[in-house]
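A.B. asks: give the three-dimensional model of this entry:
(4 chains, ligands or ions: 4)
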Amino acid sequence: MKKTYPGDPPVLDDITLRVDKGEFIWLTGPSGAGKSTLLRLLFCAEKPTSGQILIGGKNIGRINQAGVPYLRRNIGVVFQDFKLLDNRTVLENVGYALEVLGASDTDIRERARRRLDQVGLSHKAMSLPRRLSGGEQQRVAIARALVNEPTILLADEPTGNLDPSLTDSILQLLFDANARGTTVVVATHDRTLLQRWHRRTVGLERGKLVFDA
Amino acid sequence: MKKTYPGDPPVLDDITLRVDKGEFIWLTGPSGAGKSTLLRLLFCAEKPTSGQILIGGKNIGRINQAGVPYLRRNIGVVFQDFKLLDNRTVLENVGYALEVLGASDTDIRERARRRLDQVGLSHKAMSLPRRLSGGEQQRVAIARALVNEPTILLADEPTGNLDPSLTDSILQLLFDANARGTTVVVATHDRTLLQRWHRRTVGLERGKLVFDA
Amino acid sequence: MIAHVAWRLSRRAAVNLWRAPLLSLVSVLTIGLSLFIGATFVLGLFTARRLLTSWGAQPSMTLYLNAATTDAQGLTLAQQIRGRGDVDVRYVDAAVALQRLRADLGELGPALDGLTQNPLPASLEIRPRAPLAATSLRVLAAELEQSPGVRDVEYGREWLDKLEALGRGLRAFGAGALLAVIGAALMVVANTIRLAVYARRDEIEIMKLVGATDGYVRAPFLMEGALQGVLGAGVGVGAVLAAQHLLLPHASQAFAAAAGVGAPHLLPAHAAALLAAGALVGFVGSWIAVARFLKT
Amino acid sequence: MIAHVAWRLSRRAAVNLWRAPLLSLVSVLTIGLSLFIGATFVLGLFTARRLLTSWGAQPSMTLYLNAATTDAQGLTLAQQIRGRGDVDVRYVDAAVALQRLRADLGELGPALDGLTQNPLPASLEIRPRAPLAATSLRVLAAELEQSPGVRDVEYGREWLDKLEALGRGLRAFGAGALLAVIGAALMVVANTIRLAVYARRDEIEIMKLVGATDGYVRAPFLMEGALQGVLGAGVGVGAVLAAQHLLLPHASQAFAAAAGVGAPHLLPAHAAALLAAGALVGFVGSWIAVARFLKT
Ligand SMILES: Nc1ncnc2c1ncn2[C@@H]1O[C@H](COP(=O)(O)OP(=O)(O)OP(=O)(O)O)[C@@H](O)[C@H]1O
Ligand SMILES: Nc1ncnc2c1ncn2[C@@H]1O[C@H](COP(=O)(O)OP(=O)(O)OP(=O)(O)O)[C@@H](O)[C@H]1O
Ligand SMILES: [Mg+2]
Ligand SMILES: [Mg+2]
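C.D. replies: Ligands and ions are numbered 1, 2, ... in the order given. Predicted coordinates:
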C-alpha cells in the first residue's frame, strides 16, 4: 500500500507503507501525528490529495461512490470517538454491521450477543450508548468492528478508556482475529502495549513516517 | 464530603469520602466502576438518590436550580468525552468558561491563549474542534477546565488520548494548579500514572469504595 | 427477502417514532398544519368560485318573440327549446306580459289603461335546469337567438360581465396564490424534514462508515418520512373536519341564503387523496433531505 | 456592560448564522413562508370584504316624494339632505321621471303617450359619497325615510340581504379560518424553532456544564431567534410584494371592472408590523424551545 498527503499543512506527508495480508501492526506517534488520518484514508473516509492506496491490488482512491460501502464491509473499524448510534441499543449497534450485510434477524442477534459477551458487556445489551461509561462504549465499538469477521481491522486507540486487565483481554481478541487471518492495524500512543506485545511498529511524527520496525 | 447511590442497580453504593481543600487525588477503578458518575455528582450533573454531598460545608444535593451555575464556575471539569462546543473555535471554547464569568473580551482572549499555549495548541486556536485529533480535543478540554483558575478541578481520564510526553506535561499543569491551592480529583485507569506520581489514591469497584491510600 | 426488509424497516420506523417522539412529532404536525392551511385555501377558493358560478347561473333569460308570432307558434318554439333538455321554458303571451308590466309599475299601472292595443310582444322565459357558468349562459343565449321568430334575447348581460371579470380576477389571483401557498407549504414541510434529518446527521455518517449503502441508509428515513406524512395528513384532515364542524354550521346558512350554494365540504375521496399526498411528500422530502447528508 | 453583552450576543448570532447556515435558513424560510401564507390569507379575506362592501355601497337610493310635493319643496329637501355632507343628491322632477320611464320602456314607450296626466312622483336620487357598508346603507335609508314629504325609499333591499348574508358567512367562516391559519402558522414556526434548538441540544448541555446560567444560555438563542424572525418576516414581505407584482397586474383590472375596488396591497406600515411580529415570534419561539432543554 502507498498513500500521501491531504490537508492544508500536510497532515500526512509522502508516506509509503506496505502492509501484508495477515499482519499485525502498531501505529504509533504523538498526538496529532496523523495516525487517525492514516486510518481514515484506509477505509475511504477521506480521499488522498495525491498518491494512491492499494488494498488487494485495488486503488481505493479511485473507487466510485457506490463501491465504498462494499469496501467498508470488509474493514472493521474501532473509532477513536466510538461513533455509536445513539438511538439504538448496544445490541442493535453491534448488530448493525451485520444488518448491512443482509444477515437474518436471528443470526444478527446471536452473533452480536456472542461478541458482546467477549467484551464483557452482555449485561448492557439493551442499554442505549449514552447510558454507558466511556470504557463500555469503547468495548461496544470494538465488538461492532469484530462482529462481521472483517478481513482488515483498523483500531484507533482501542484501549484508551480501558483499565489494564480489560486492555489485555481486548488485545487478546485482536490477536485472535489476527490469528484467524485478519490484517490488524492498531493506532496507539500507549508505550506499555508496544513493549509488552512486540509486533511490527510504525512510527509517525507530524505526518512523516519516522520508523518502521 | 459524603455521597451515595443513584441508578437502577446501584452505580455508586454507600460511598463515604472526605477530600480536603488543596488535596490531589487519584480516582481509579475498572471500566464501569463509577468513577465518572462520582465526578458527575460532584458538579451537580446528577443528583444523589440518597445521602449528601458537601462542598465547603454546603450540601450541593439541596442546592436550587439557579445556584448550580455558580457552583460550577468554581469547578473546572475535563470530561471524558471532552464536550466541546462544535460551532465555536478552540479559542472560543476555552474562553467560554471565562465568558460566563463576565470577563472582558481582551481578558478572555489573552487568558485563553495562554492556556492553549500551555497545552501546546496555540497553533490550532482558530480551528473548530471537529478538525482536531483526539488528543488535541482532550487538551482543549483541559485548557478550558484550567482557564478560570477553579478552586476544584475534576479530570476524567484527562490523558486517555495523549502520548507519554504530553501526559507528563499535562499532569504537570494539574500539579501546578494543585500547588496554587486547587483541589484536584483525577479519574484514571492508567496504573503507570499512579506508580510514577504517588498521591492519595481512591479505588472504586462496581460502585463500592475498595481502597483509599 | 423484500417483505423481510420491509418489515424490519417498518419496525424500526415505529421504534424511532417511539424513542425520539419530538423529531417525528414536529414533522407530523408541520405536515398536518401545512396541509390544513392548503386545504382551507383550496376550499375557500372553490367556495368563492361556486358562489360566482351560481350567481352567474341565476339570471333567467327572456326570449322576446316577433310581434307577428302567434301563440301557437310561440308554444311550438317553447316545445322545441324544451326539447334541448337543459332548460325549463315558459311561454308568456302578450296579455300576460302586459299584466306583469302593470303590476311592475305598481301605482303607475293605471297609466297603461289608456292603451288601445297591447304593444308588448310574447316572450319565452328560459331557466337553465343546472346552474350554468357565465360563458355557457352566453353561448346558450347566442344559440337561442338563432331560433325562428326570436327578436331579442335579454339576460343580465351587464351583471354577467361583472361576474365574469371577477371570475377572471379570482382565477388569475387565486391560481397564483394557490400555487404560491402550496409551494410555500411544501417548502416548509421540506425544510422541517430536512431539519429533522439534520438533527440525525451523525447517525447517517455512522451508518455509512459501518458499510451501509446509500440505499440502506436512506430506506428507514424514507419509511419514517412516509409514515410521518400519512400521520401528518391525518392530522390535517382531522383539523379540516374539525373546522367544518365548528365553523360551518354558522356559515352554511349564510351561504345558502346568499347563493343557494352549500358550504364547502371535504369529501372522503379528498381525504384519501390528502393522505396519499402526505405520504408522498414525506417520502420525497426525506429523500431530498437525506441526499444532502449522504454526499459527505 | 449591557451594551457590551448585547454587542457580543449580536456578533455571536451573526457568526452562528454564518457557520451553520442550514439551521438558520430553515427557520428564516419557515417563518417567512408562514407569514406569507398568513398575509395572503388576510389580504384575500380583506379583498373579499371590500368587494362585498363596495357592492353593497353601489346601489343608489331613490326617495319617492309625496305626489303633493312641489318642485320647490323637493329642491329644499334635496338641499337639506345634501347638507348631511355624506351623500350626493339629485332632484328628479315628475316630468323627467316620465321621460325616463318612456326611455326605459323602449319600444313600449309610446304606450305612455295616452296618459292625460303625469302619474309619476318626483324623487331624490341619493348616492353615498364614500362606499357604505350594507348596514350603514340601511341606517341611511331609515333616516331619510323620516324626512318630510318622503313617501317611500327604494334601494336594492333584496340584493343587500344577499350581500349581508354572504358577509355574515364570510365573517363567521373567515374569522375562524383566519384564526386557524394563523394558529397553524405559529405552531409550524414554533415547531421549526424547536427542532433547530433540538439539533443544538448538546450545545445547551455543554454551556450549562461549564457554568452558564439559564439566562446566559438562553440569550444567544433569543437573539438568533429574533434575528431569524426579522429576516423571515423580510422574506415573507418580499414574497407578498413579489406576488403582488406578478399576480395583481392581471387581477386588478378584473377587480376594478367587477367592483371599482383596487386590488389588495401591502402597506409599508403592515410590512413594518410584520417585521416586528417576526422578531417577536422568533424570540418567543426560541424562549419556549430552549426552556425545554434547559430543564434537563
Ligand atoms: N478534518 C480536518 N481538517 C483539518 N485538519 C485536520 C482534520 N482532521 C485532522 N486534522 C489535523 O490533522 C492532524 C493529524 O490528526 P490525526 O487525527 O490524524 O492525529 P492523531 O495522530 O490521530 O492524533 P491523536 O493521537 O491525538 O488522536 C492534526 O493536527 C489535526 O488537527
Ligand atoms: N445515565 C445512566 N443511566 C444508567 N446507567 C448509567 C448511566 N451512566 C452510567 N451508567 C452506568 O453506571 C456505571 C458506571 O459508569 P461510570 O461512567 O461512572 O463508569 P466509569 O468508572 O467512569 O467507567 P470508565 O472507566 O469506563 O469511564 C456503568 O455500568 C454505566 O453503564
Ligand atoms: Mg487520533
Ligand atoms: Mg468514565
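A.B. asks: going by C-alpha atoms from here, please, whenever you check contacts or count neighbours.
C.D. replies: Fine.
A.B. asks: got the angle for the helix or strand hosting C:Leu25 vs helix D:21-57?
C.D. replies: Counting by DSSP states H and E, the element that carries C:Leu25 is helix C:21-57. Angle of helix C:21-57 versus helix D:21-57, following axes from the mean of the first three to the mean of the last three Cα atoms, to 10 degrees, is 20 degrees.
A.B. asks: and helix C:21-57, which residues are buried?
C.D. replies: Applying a neighbour-count criterion of 16 or more other Cα atoms under 10 Å in any protein chain shown, one finds C:22-45, C:47-57 buried in helix C:21-57.
A.B. asks: is that helix in proximity to chain D?
C.D. replies: Yes. Taking Cα under 8 Å from any Cα of the partner chain as the criterion, helix C:21-57 and chain D are in contact, through C:Leu23, C:Val26, C:Leu29, C:Thr30, C:Leu33, C:Ser34, C:Ile37, C:Thr40, C:Phe41.
A.B. asks: nearest residue to A:Leu194 other than its sequence neighbours?
C.D. replies: In space, not counting the residues next to it along the chain, A:Leu194 is nearest to A:Trp26; the distance is 7.3 Å by Cα to Cα, 6 or more residues apart in numbering or on different chains.
A.B. asks: the helix or strand following the helix holding C:Leu25 and chain D in contact?
C.D. replies: Read in the C-terminal direction, the helix or strand following helix C:21-57 is strand C:61-65, with elements assigned using DSSP H and E. No. Judged by Cα under 8 Å from any Cα, strand C:61-65 makes no contact with chain D; its nearest approach is 12.3 Å.
A.B. asks: need the contact partners of strand C:61-65.
C.D. replies: Outside of strand C:61-65, the residues within contact range by Cα atoms under 8 Å, 6 or more residues apart in numbering or on different chains are C:74, C:121-127, C:141, C:144-145, C:149-156.
A.B. asks: ok, of the residues you listed, which come out buried?
C.D. replies: Neighbour-count burial (16+ other Cα under 10 Å) applied to those gives C:74, C:121-127, C:141, C:144-145, C:149-150, C:153, C:155.
A.B. asks: got the phi/psi numbers for the residue of chain A found nearest ligand 1?
C.D. replies: Taking Cα to the nearest ligand atom, ligand 1 has its nearest neighbour within chain A at A:Gly34, 3.0 Å off. According to degrees, to the nearest 10, the main-chain angles of A:Gly34 amount to phi 120, psi 10.
A.B. asks: who's in contact with it?
C.D. replies: A:Gly34 touches A:Val11, A:Leu12, A:Leu204, A:Glu205, A:Arg206, A:Gly207, counting by Cα under 8 Å, 6+ apart.
A.B. asks: go with 6 Å
C.D. replies: A:Val11, A:Gly207 (Cα atoms under 6 Å, 6 or more residues apart in numbering or on different chains).
A.B. asks: quick one: which of the buried ones among the contacts of strand C:61-65 sit in strands?
C.D. replies: Counting by DSSP state E, those place C:Ser123, C:Leu124, C:Glu125, C:Ile126, C:Arg127, C:Val150, C:Val153 in strands.
A.B. asks: quick one: the fifth one from C:Leu35, how far?
C.D. replies: This means C:Arg127. 40 Å (Cα to Cα, to the nearest Å).
A.B. asks: and the furthest pair within the ones in strands among the buried ones among the contacts of strand C:61-65?
C.D. replies: Spanning the widest gap among those are C:Arg127 and C:Val150, at 16.4 Å by Cα to Cα.
A.B. asks: the helices in chain A, which residues?
C.D. replies: A:35-42, A:68-72, A:90-99, A:105-118, A:134-147, A:164-179, A:191-196 (DSSP state H).
A.B. asks: tell me which of those sits nearest to ligand 4.
C.D. replies: Go through the helices of chain A one by one with Cα to the ion and the one that ends up closest to ligand 4 is helix A:134-147, at 4.8 Å.
A.B. asks: any part of that closest one near ligand 2?
C.D. replies: Yes. Part of helix A:134-147 sits close enough to ligand 2 to count as contact by Cα under 6 Å from any ligand atom, namely A:Gly134, A:Gly135, A:Glu136.
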